[in-house]
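1. Below is the sequence, then the predicted model.
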Amino acid sequence: GNAASDQLQLDVWGETLDDLALARNAGLADHDDAWDLQVALMEHLEGNWDRPDNGLWEMRGPRRHFTHSKVMAWVAADRMATAVRTHPDLHGPADRWQALRDTIHADVLTHGYDADRNTFTQSYDAPALDASLL
């Protein structure tokens, strides 16, 4: 009933892939198809990370480029590239994911950071602040 089903929230992809990386690194057993699912999630994010969304707080109104969403896309790309490099049984385009991670990093610093105030902003090229970026 809160309209979230009609929203695009890109941060959740990064949060999910980060949680799965934490579970893997903690030694929790996974299913045979778990990595395939993670690769599919990452491939979806690769094609959509740069879209505006409704953000973590399910903002109403026009979609924006929320800095938190972009940072979580960075997290996803970082965790996936790291997984391939540190777990010999996992396969994927680590170089491509690392390049995406670096692209997102540069994008966030260019558009989601206010150097005058030394702070990240809620959304790109806007002055509002956001607790998710603490």
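-> Perfect, I can see it now. Numbering: from 1, shown residues only.
2. avg pLDDT for the host helix or strand of residue 36?
-> Counting by DSSP states H and E, the element that carries residue 36 is helix 34-46. For helix 34-46, mean pLDDT is 97.
3. Buried residues, the host helix or strand of residue 103. List them.
-> Using DSSP H and E, residue 103 falls within helix 94-111. Neighbour counts over helix 94-111 (16 or more other Cβ atoms under 10 Å) mark 94, 97-98, 100-101, 104, 107-108 as buried. In this view, the C-beta of every residue, glycine as well, is placed from N, C-alpha and C.
4. Tell me what angle it forms with helix 34-46.
-> 40 degrees (axes from the mean of the first three to the mean of the last three Cα atoms, to 10 degrees).
5. could you dump helix 94-111 to PDB, C-alpha only?
-> Taking Å, rounded to 0.1, in the frame of the first residue of the first chain, the C-alpha atoms of helix 94-111 are listed here in PDB:
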ATOM      1  CA  ALA A  94      36.600  -9.600 -12.500                       C
ATOM      2  CA  ASP A  95      38.400  -7.000 -14.700                       C
ATOM      3  CA  ARG A  96      35.100  -5.700 -16.000                       C
ATOM      4  CA  TRP A  97      33.500  -5.600 -12.600                       C
ATOM      5  CA  GLN A  98      36.600  -3.800 -11.200                       C
ATOM      6  CA  ALA A  99      36.500  -1.300 -14.000                       C
ATOM      7  CA  LEU A 100      32.800  -0.700 -13.300                       C
ATOM      8  CA  ARG A 101      33.600  -0.200  -9.600                       C
ATOM      9  CA  ASP A 102      36.200   2.400 -10.500                       C
ATOM     10  CA  THR A 103      33.700   4.100 -12.900                       C
ATOM     11  CA  ILE A 104      31.100   4.300 -10.200                       C
ATOM     12  CA  HIS A 105      33.600   5.600  -7.700                       C
ATOM     13  CA  ALA A 106      34.600   8.500 -10.000                       C
ATOM     14  CA  ASP A 107      30.900   9.200 -10.800                       C
ATOM     15  CA  VAL A 108      30.000   9.500  -7.100                       C
ATOM     16  CA  LEU A 109      33.000  11.800  -6.400                       C
ATOM     17  CA  THR A 110      32.100  14.000  -9.300                       C
ATOM     18  CA  HIS A 111      28.300  14.300  -8.800                       C
END
